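A.B. asks: coordinates only, no sequence provided:
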């Protein structure tokens with residue numbers, strides 16, 4: 001639930017964290033009884049806790065389709081990610097994956113930990129997939145086929161240019177955006193969104209992950225994984241791995257800022273996509289990850305820690321985003337606040353300073369012109385402010401009482 005120290009530093013994280021904890025427990029209780037569905041939802045909780053929580057609010061039929069869509073693509077991704085599989089084995093599996101989802105007996109052992117379990121027992125996912133409505137099945141098959149072909153292409157091809165980078169991100173994430181738009185439309189809840197906006201929704205999330213995961217990807221064993229485009233990093237260093245060495249700190253941060261600036265170009269499309277959504281659960285499902293992405297970019301910008309470890313939003317702030325994202329006013333507010341948080345970090349001597357500031361101004365302008373900023377719930381204004389000592393004492397007592405209550409309940413159950 002986050003350390004007590006973190007809660008004392010940010011007392012207003014406490015209630016959202018508690019709600020998140022209770023929502024997670026509630027979600028685990030709602031796992032369906034049928035063995036294949038139980039496997040799928042249990043696996044969803046293991047491979048992505050935050051996604052598992054956000055998905056819970058969707059209606060049952062759409063929720064099941066999105067759950068299976070996510071697991072199919074997770075499995076496809078596990079094959080792509082496993083650097084120990086020989087290319088001549090991997091490529092045909094990626095290309096044929098859209099057919100394997102119709103085969104209850106198909107499985108392929110690869111990956112590690114929970115991903116290995118997913119791959120070994122993939123028949124549960126296929127069984128659940130075959131119970132979905134035809135329109136959902138067709139949307140999932142189409143995206144899986146296109147994504148598998150795209151992944152196969154990039155197994156044999158480096159990400160050289162910014163165009164390559166956009167194309168790679170389209171295959172692994174833009175297509176997820178297109179697929180989700182198709183599933184929302186198939187459910188009858190939304191109009192079919194334009195492909196370019198759906199694509200931007202995926203690219204914004206994917207580019208954020210690629211930036212944040214630099215160190216993990218470059219240190220991958222047996223072979224490092226490189227997704228930052230050569231066209232960007234070669235302006236700063238001779239080899240991509242050089243960014244992690246201390247002597248290159250200044251160049252590394254400049255390169256990082258270049259990457260963040262590139263990601264910010266998708267923000268306005270994302271705002272346009274979300275503003276067109278009508279169904280409140282679908283809206284929250286889409287909005288929460290997008291806010292997390294711009295928040296993560298604001299934390300990563302100009303931050304050498306990206307090359308030293310993991311930079312991510314603290315759990316309390318994540319809980320606030322999940323708790324307080326209800327309307328488009330909240331989204332405009334969050335995008336405006338995170339853009340405003342990033343702005344003072346821009347060093348005028350940074351090679352991309354002008355471009356970065358212009359991207360941030362465009363985001364702030366879109367948010368201001370919505371006319372909804374006055375109705376927002378802020379996550380980060382006053383986020384660093386402390387409370388009086390009395391408040392902290394009350395908080396510690398509350399924490400103690402609630403932990404004692406949860407602990408007693410756990411022992412009694």
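C.D. replies: That came through fine. The structure presented is a predicted model; accordingly, all values stated were derived computationally and were not measured.
A.B. asks: CA only for contacts and neighbour counts going forward, please
C.D. replies: Noted.
A.B. asks: quick check: mean pLDDT across stretch 152-167?
C.D. replies: The average of the pLDDT scores along stretch 152-167 is 93.
A.B. asks: do the same with stretch 66-85
C.D. replies: 93.
A.B. asks: quick one: low-confidence parts of this structure?
C.D. replies: Within the chain, the stretches with pLDDT under 70 are 1-11, 13-30, 222, 314, 376-400, 403-405, 407-413.
A.B. asks: for stretch 259-270, measure first residue to last.
C.D. replies: 18 Å (Cα to Cα, to the nearest Å).
A.B. asks: so which residues of the stretch 1-150 of the chain form helices?
C.D. replies: Assigned by DSSP state H, counting those that start in this stretch, the helices in the stretch 1-150 of the chain fall at 4-9, 14-29, 35-47, 49-55, 60-81, 87-100, 113-120, 123-129, 134-155.
A.B. asks: want to try CSV for those helices, with distance to residue 263 as columns?
C.D. replies: Below are the helices of the stretch 1-150 of the chain laid out as CSV (distance: least, Cα to Cα, whole Å):
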stretch, distance to residue 263
helix 4-9, 29
helix 14-29, 29
helix 35-47, 25
helix 49-55, 21
helix 60-81, 22
helix 87-100, 27
helix 113-120, 28
helix 123-129, 33
helix 134-155, 20
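A.B. asks: what would those helices look like in JSON lines with distance to residue 286 and mean neighbour count?
C.D. replies: Converted to JSON lines, the helices of the stretch 1-150 of the chain look like this (distance: least, Cα to Cα, whole Å; neighbours: other Cα atoms under 10 Å):
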{"stretch": "helix 4-9", "distance to residue 286": "27", "mean neighbour count": "16"}
{"stretch": "helix 14-29", "distance to residue 286": "18", "mean neighbour count": "16"}
{"stretch": "helix 35-47", "distance to residue 286": "17", "mean neighbour count": "18"}
{"stretch": "helix 49-55", "distance to residue 286": "9", "mean neighbour count": "19"}
{"stretch": "helix 60-81", "distance to residue 286": "12", "mean neighbour count": "20"}
{"stretch": "helix 87-100", "distance to residue 286": "25", "mean neighbour count": "17"}
{"stretch": "helix 113-120", "distance to residue 286": "24", "mean neighbour count": "18"}
{"stretch": "helix 123-129", "distance to residue 286": "22", "mean neighbour count": "22"}
{"stretch": "helix 134-155", "distance to residue 286": "18", "mean neighbour count": "19"}
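A.B. asks: out of those helices, which is closest to residue 340?
C.D. replies: helix 4-9 (22.0 Å; Cα to Cα).
A.B. asks: sorry, back to before: out of the helices of the stretch 1-150 of the chain, nearest to residue 164?
C.D. replies: Once the helices of the stretch 1-150 of the chain are compared by Cα to Cα, helix 134-155 is nearest, at 9.1 Å.
A.B. asks: quick check: angle from the closest one to helix 60-81?
C.D. replies: Taking axes from the mean of the first three to the mean of the last three Cα atoms, to 10 degrees, one finds that helix 134-155 is oriented at 20 degrees with respect to helix 60-81.
A.B. asks: contacts for helix 134-155?
C.D. replies: 65, 69, 72-73, 76, 80, 87, 90-91, 94-99, 101, 129-130, 168, 171-172, 175-176, 178-179, 182-183, 186 (Cα atoms under 8 Å, 6 or more residues apart in numbering).
A.B. asks: ok and it relative to helix 87-100, angle-wise?
C.D. replies: 170 degrees.
A.B. asks: show me where the stretch 251-400 of the chain has its helices.
C.D. replies: Under DSSP H, counting those that start in this stretch, the stretch 251-400 of the chain gives helices at 267-275, 280-300, 315-324, 328-342, 353-369, 389-412.
A.B. asks: name the nearest residue to residue 73, sequence neighbours excluded.
C.D. replies: Closest residue to residue 73 apart from its sequence neighbours, by Cα to Cα, 6 or more residues apart in numbering: residue 144 at 6.8 Å.
A.B. asks: from residue 173, how far off is that neighbour?
C.D. replies: Noted for residue 144: a distance of 11 Å to residue 173, by Cα to Cα.
A.B. asks: same deal with residue 115?
C.D. replies: Distance from residue 115 to residue 173, by Cα to Cα: 19 Å.
A.B. asks: same check, this time on residue 317
C.D. replies: On the measure of Cα to Cα, residue 317 and residue 173 end up 25 Å apart.
A.B. asks: hmm, residue 118 and residue 109 touching each other?
C.D. replies: No: look at residue 109 against residue 118 with Cα atoms under 8 Å: they stay out of range, at 9.0 Å.
A.B. asks: and residue 277, what is it in contact with?
C.D. replies: By Cα under 8 Å, 6+ apart, the neighbours of residue 277 are 190, 283.
A.B. asks: the helices of the stretch 251-400 of the chain into CSV, with extra columns for mean neighbour count?
C.D. replies: Listed next are these as CSV, based on neighbours: other Cα atoms under 10 Å:
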stretch, mean neighbour count
helix 267-275, 20
helix 280-300, 22
helix 315-324, 21
helix 328-342, 23
helix 353-369, 17
helix 389-412, 12
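A.B. asks: dump those helices into TSV; add distance to residue 46 as well.
C.D. replies: Shown next, in TSV, are these (distance: least, Cα to Cα, whole Å):
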stretch	distance to residue 46
helix 267-275	28
helix 280-300	18
helix 315-324	17
helix 328-342	28
helix 353-369	34
helix 389-412	21
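A.B. asks: closest to residue 212 out of those?
C.D. replies: Closest among these, using Cα to Cα: helix 280-300, at 7.0 Å.
A.B. asks: which elements pack onto the closest one?
C.D. replies: helix 49-55, helix 195-212, helix 267-275, helix 315-324, helix 328-342 (3 or more Cα pairs under 8 Å, 6 or more residues apart in numbering; DSSP states H and E).
A.B. asks: might one say that residue 334 is in contact with residue 292?
C.D. replies: No: under the criterion of Cα under 8 Å, residue 334 makes no contact with residue 292, lying 9.4 Å away.
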